[in-house]
Structures are given as C-alpha cells and as structure tokens.
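Asker: I'll drop the sequence and a predicted model, then ask my questions.
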Amino acid sequence: MLGTVGAASLAPVLVNAGARAAPVAAGSPEVQPAFAGNLTVGAMEREGTVLRAASISGGTIHGSRLAGIVHGGRIEWLPRADGSHEVQLRFHVQCADGHQTEVLQRAVLAPDADLQGCWPVNAVTESLADEGASAGAALLVGRLDATRLQQGLLTLLAFEVS
C-alpha cells in the first residue's frame, strides 16, 4: 500500500506531466520522466459482467529509462475482501540492444472506482539476464490509463523519483 500512497502523493506531477514543474525546494525529491507507452490489448476475460483480466498482445515503450517493443503480458483486476480491486499489469519489453526487461505496475482501487479508469500506480522494471535471472531493478511511480480499453489500448507513463 505504501507504494500506491506514494504514487498518489505525486498526483500533481502525474496529472501535469507535460506542464513546467515548479522549482524544487532543497531536499525535495526530483521527478524525471522514465518512459511512456501504448500497449495493445487482446482477449478480455470477464466473470459475469465484471472485467477480470486481459492479455497484452504488443505495443511500444519509449523513454530515457526504457525503450523497446512489448512482447506480450497481462493485466488483471483482482478483487479484495474489502470490495476494492488490485490492478496488476505485467509485460516484457525487448530493448534495441537485445536485452529483455520485465515491467510490473500495480494499483489498489477503491470499491467504487471505475475498472476502466486512469489510476496512479507504482512500477518496477527488472532487467532480465540471459537465463531469466534479475540483472538489476528500479522502482518508479506513474499513471496507467485504461479508459480506451474497449478500443484495445492501454496507455502508461512512468517517472523516476530521486
């Protein structure tokens, strides 16, 4: 939950990502764009009328922290006992240098939240070594936009905080 709260606390930065940032006070964290992407959504799974999961069939990621072609993944809306949902998005990116990176984005949505909305998320990127073991990781915050899910598109932004 701390990661989601941390992402939510950056809402002014995430909402105004294109706007000029105010001067940073001494000791305040700095936020830098890490990457943005458009993901193509394939088959969607429902439980009755409630969306539960969808496959990620492709897409592109571009930015200073990560860039490449998306080769599959999955987004899931996991119900929780309190009526809220945990959203988990996981996909692999094939970078131009041949390395693969796994991206995991996570958010916890209030019970009355729109499951096809736009939410603050925390994100982890993990470079995968040749044998699939971790070769390094970074923690990021961002925004996941599922408002065009019915058209087969997810949009995401990620920011590195230092």
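Answerer: Perfect, I can see it now. Just so we're clear, the structure is a prediction, and the values are computed from it rather than from any experiment. Residues are numbered from 1 along each chain as shown.

Asker: quick one: contacts for the residue nearest to Ser57 when sequence neighbours are not counted?
Answerer: Nearest residue to Ser57, sequence neighbours excluded (Cβ to Cβ, 6 or more residues apart in numbering): Gly42, at 3.9 Å. To be clear about C-beta, it is placed using only N, CA and C from the backbone, and glycine gets the same treatment. Each residue near Gly42 by Cβ atoms under 8 Å, 6 or more residues apart in numbering is listed here: Ala54, Ser55, Ile56, Ser57, Gly152.

Asker: how does it look with 10 Å?
Answerer: Ala54, Ser55, Ile56, Ser57, Gly58, Gly72, Gly73, Arg74, Gly152 (Cβ atoms under 10 Å, 6 or more residues apart in numbering).

Asker: And the nearest residue to Ser55 once chain neighbours are set aside, how close does it get to His85?
Answerer: Distances taken as Cβ to Cβ, 6+ apart place Gly42 nearest to Ser55, at 4.0 Å, with adjacent residues excluded. Applying Cβ to Cβ, to the nearest Å, the value for Gly42 to His85 is 21 Å.
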